[in-house]
Each structure stands twice: as C-alpha cells, then as structure tokens.
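Engineer: Here is the input, now give the coordinates:
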Amino acid sequence: QLVESGGALVQPGGSLRLSCTASQYTLNYYTIGWFRRAPGKEREGVACSTGRGVNSNYTDSVKGRFTISRDNAKNTVYLQMNSLKLEDAAVYYCAASLRKYPSEYDYWGQGTQVTVSS
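Structural biologist: Modelled structure (predicted):
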C-alpha cells in the first residue's frame, strides 16, 4: 500500500512537496509515477522515476517546475512542486510498478489534495 502526504492549500507561485511512502515494499526497486486528477478532468501523468531513480520524465506542463526525487533511507519518493499555478490544483496520486515504463501501475495510493488558490 502506498501513502501520499503533503497536499495543502497554497497560493499561486507557492511550493509544496508531496511524499509517497510504502511499508510493504522497497520503493527503490520500483518505477514510481505521480498522477493527478482535477475535477471534471481525466487522470494525468505528471512525473515518473524509474527504479533506482535512473531516469525521470515529466509532462510538459510541469517541466522546470516539478522535480521527482527519492530518499531510499526513508523509502520515500517526493514530488517537489514549485511555481504552482491554478491549473495544478488536483488530487495527486503516486503509483508503483516493477516494470520500467509501465502502461499500467500495480499499486496506488489514496491521493492527497493540492489546492491552489489566492
């Protein structure tokens, strides 16, 4: 089971760091994806980090603003979000897969709410 945390209300231009942890698996071996779903919109892939953090990819709308990283000692994957925009508001989910570039992920968290509002 994955657990996300760190969601909050933030003003446009602000920053947040989301965390994704797991108690039953070692996340370093997994590809970890961050996704988001805004009201009335499809779920969107935001960023992913392949196992051991070898490769990272981002959707175009967050490139240069979001960074995915890992702390293996804490078995945690982070999503640092800077320069937040109104359109970044969504429920953010992390997901894990043992496949390097999965079309579907095997494990999902429950999500954490990010609200961007002035």
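Engineer: Dead centre of the protein: give me the residue that sits there.
Structural biologist: Trp34 (2.9 Å; C-alpha atoms, centre = their mean).
Engineer: separation between it and Ser118?
Structural biologist: Distance, Trp34 to Ser118, by C-beta to C-beta, to the nearest Å: 24 Å. For every residue, glycine as well, the C-beta is placed using N, CA and C.
Engineer: any idea which helix or strand carries the residue nearest to the centre of the chain?
Structural biologist: Following DSSP states H and E, one finds Trp34 within strand 31-37.
Engineer: Same check on Asn57?
Structural biologist: Per DSSP H and E: Asn57 is located in strand 56-58.
Engineer: just checking, next helix/strand downstream of that strand?
Structural biologist: Beyond strand 56-58 toward the C-terminal end (DSSP H and E), the next one is strand 66-71.
Engineer: average model confidence for that next one?
Structural biologist: The average pLDDT for strand 66-71 rounds to 97.
Engineer: Having no further points to raise, I will conclude here.
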